[in-house]
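Colleague: From the sequence below, what's the structure:
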Amino acid sequence: MSSPIATIPTTVDIFGSTWRIVFCDLLTTSGNLGMSHSDTQTIRIDEGLAPGQQRETLIHELIHAIICSILDGDNRTEHSIVYTTSQGLWHVYVHNPELWAWLFPGGDVCLCPAPETTS
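Modeller: Next comes the predicted model:
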């Protein structure tokens, strides 16, 4: 099964580290909808989820990865905080399209300049 959006990135930059996003059969093998692995900088999302649930799970796992990156690999993060934050962001996104339209005018999701590259 393919990812929910044909153009979903396969990597994400989190504080200068590249994390891979992988869609796989996670639910059957581990019983989880998603997982983030700081040691391999990989986020795994179950490919069998409905597209909306894949997006919500990706938000959840991104929050885990962000917190883990800030805490330098310390994965003793409170799952309840991650769960509450991801559920809240998803709810705000779903129920406030005008907010997202204002935050990302014209569909632009990056309002900051691209990072400079060194050659």
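
Colleague: how close does V12 get to T28?
Modeller: When distance is defined by C-beta to C-beta, to the nearest Å, V12 is 25 Å away from T28. No exception for glycine: its C-beta is placed from N, CA and C like everyone else's.

Colleague: who has more neighbours, the two?
Modeller: More crowded of V12 and T28, by other C-beta atoms under 10 Å: V12, with 17 against 9.

Colleague: Apart from its chain neighbours, what residue comes closest to the more buried one?
Modeller: If the residues on either side of it in the chain are set aside, V12 comes closest to W19, at 5.1 Å by C-beta to C-beta, 6 or more residues apart in numbering.

Colleague: for S86, same thing?
Modeller: In this structure, S86 finds its nearest non-sequential neighbour in H60, 3.7 Å apart by C-beta to C-beta, 6+ apart.

Colleague: Please name the residues that touch that neighbour.
Modeller: 33-34, 82-83, 86-87 (C-beta atoms under 8 Å, 6 or more residues apart in numbering).

Colleague: again, only this time at 10 Å
Modeller: By C-beta atoms under 10 Å, 6 or more residues apart in numbering, the residues touching H60 are 33-34, 36, 43, 45, 79, 82-83, 85-87, 89-90.
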